[in-house]
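Visitor: structure for the following, please:
(one chain, ligands or ions: 1)
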Amino acid sequence: MQVSRNVDRIAIGDEGPIGPPNIYLVTGSTGAAFVDTGYGNDAEVEECLALWADKGSPPVAAIVLTHRHPDHVGGASRLRTATGGRVLCTEVERGPVEGENATVDGTVGDGDTLDLGGVTLEFVDTPGHTMGSLCVLLREDGVLFTGDTVLGGGSVAISPDHGDIGRYVESLAKLIEIGSRLIAPGHGPVVDKPQTKLKWLIEHRRKREKQIIGLLSNGTTSMDGLFSAIYPRLETDLHRTARGQIRAHLMKLERDGKLVSAEPSDGPYVLGSSS
Ligand SMILES: [Zn+2]
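Guide: Next up is the predicted model:
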């Protein structure tokens, strides 16, 4: 599926709640780049290579990984072997990406650019979903690849173990400043009103934080209590992620000095400053 003048999207697999991972091919006059690589199953890799062949098999300047998660990293090795492209991610993600059995050939950071011939990729550090999450702006098309920092539908899970909600909201504000025309997300459909979506995501986090503070100050101070108040009718397979979201918010409140401690992990939590 064509996203913009120089961008095509591949998304294969069963539709979970957020949709299968998107893989993008960006093509310039002198080279091409993949942004994310899916799980790396046969159907995805074959489709990627067919699309690349369709473009005349241009030199692959980069296989960019937005972050460490296996549904984005999984195809990196196979695409690298088949195309000779260099696998790139941020320095922070390097170790975890290599932990997913992908070879990393180099790292990129905020403000770095890659010229594909009339098409420029600019890298934007956006910690939050994971601490080394990366977005990529295709300047000429005004397309912003966001990985899991922004999804096509709904909000994004922030893992309390390798993400940070405070940093995440700062990253969203940074993306508003960039002001792209389209967002090409890590899952789900292209977002054609980026500013509206980004503001909604920030607002969603603010509201959730307010809700948690409200519950804590009204005496709901355990993880179980917060969970059933915030997610009264959630499907069972999402419970762990949902509890992780609450945990990530509690950790932010502790860092902001609004909560004495986010430990023990099942509560009770006490509002106020530890200092
Ligand atoms: Zn992810």
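Visitor: and the residue in the stretch 151-275 of the chain positioned nearest to the ion, what pLDDT?
Guide: For the stretch 151-275 of the chain, the residue closest to the ion is residue 186, as judged by CB to the ion, at 6.5 Å. C-beta here means a position set from N, CA and C on the backbone, and glycine is covered the same way. Residue 186 carries a pLDDT score of 98 in this model.
Visitor: doesn't residue 73 make contact with it?
Guide: No - using CB atoms under 8 Å, residue 186 makes no contact with residue 73, being 11.5 Å away.
Visitor: anything in contact with each of those two?
Guide: Counting by CB atoms under 8 Å, 6 or more residues apart in numbering, residue 186 and residue 73 have no common neighbour.
Visitor: please name the residues that touch the residue in the stretch 101-250 of the chain that the ion sits nearest to.
Guide: When scored by CB to the ion, the stretch 101-250 of the chain has residue 148 as its residue closest to the ion, at 3.5 Å. Residues near residue 148 by CB under 8 Å, 6+ apart: 66-67, 69, 72, 129-130, 133, 156-157, 185-187.
Visitor: now, which of these lie within strands?
Guide: Those of the contacts of residue 148 mapping onto strands are residue 185, per DSSP state E.
Visitor: near the residue nearest to residue 153 when sequence neighbours are not counted, how many other residues are there?
Guide: Using CB to CB, 6 or more residues apart in numbering and skipping the chain neighbours, the partner closest in space to residue 153 is residue 188 (4.6 Å). By other CB atoms under 10 Å, 19 other residues sit near residue 188.
Visitor: what does the chain have sitting close to the ion?
Guide: 69, 148 (CB under 5 Å from the ion).
Visitor: for the residue of the stretch 151-275 of the chain closest to the ion, give me its contacts.
Guide: 21-22, 36, 66, 72, 146-151.
Visitor: ok, residue 35 next?
Guide: Residue 35 touches 23-24, 26, 64, 66, 136, 145, 184, counting by CB under 8 Å, 6+ apart.
Visitor: now these: which count as buried?
Guide: Buried subset of the contacts of residue 35 (neighbour count, 16 or more other CB atoms under 10 Å): 23-24, 26, 64, 66, 136, 145, 184.
Visitor: those residues in helices, which ones?
Guide: Using DSSP state H, no member of the buried ones among the contacts of residue 35 sits in helices.
Visitor: name the nearest residue to residue 202, sequence neighbours excluded.
Guide: residue 172 (5.1 Å).
Visitor: how many residues are close by that neighbour?
Guide: 23.
Visitor: and it, its phi and psi?
Guide: phi -60, psi -40 (degrees, to the nearest 10).
Visitor: now swap in the one 10 residues further on and tell me
Guide: Backbone torsions for residue 182, taken as degrees, to the nearest 10, come to phi -140, psi 150.
Visitor: mind listing residues that contact stretch 152-165?
Guide: Contacts of stretch 152-165 (CB under 8 Å, 6+ apart): 17-19, 68, 96, 127-131, 148-150, 168, 185, 187-191, 201, 204-205, 209, 241, 244-245, 247-249, 251-252.
Visitor: name the helix or strand for residue 51, please.
Guide: helix 42-54 (DSSP states H and E).
Visitor: please enumerate the helices of the stretch 101-250 of the chain.
Guide: Using DSSP state H, counting those that start in this stretch, the helices of the stretch 101-250 of the chain run over residues 165-178, 194-217, 223-230, 239-255.
Visitor: rewinding a little: can you redo the contacts of residue 186 as a markdown table with distance to residue 221?
Guide: Listed next are these as a markdown table, based on distance: CB to CB, whole Å:
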| residue | distance to residue 221 |
| --- | --- |
| 21 | 37 |
| 22 | 40 |
| 36 | 40 |
| 66 | 36 |
| 72 | 36 |
| 146 | 35 |
| 147 | 35 |
| 148 | 31 |
| 149 | 31 |
| 150 | 32 |
| 151 | 31 |
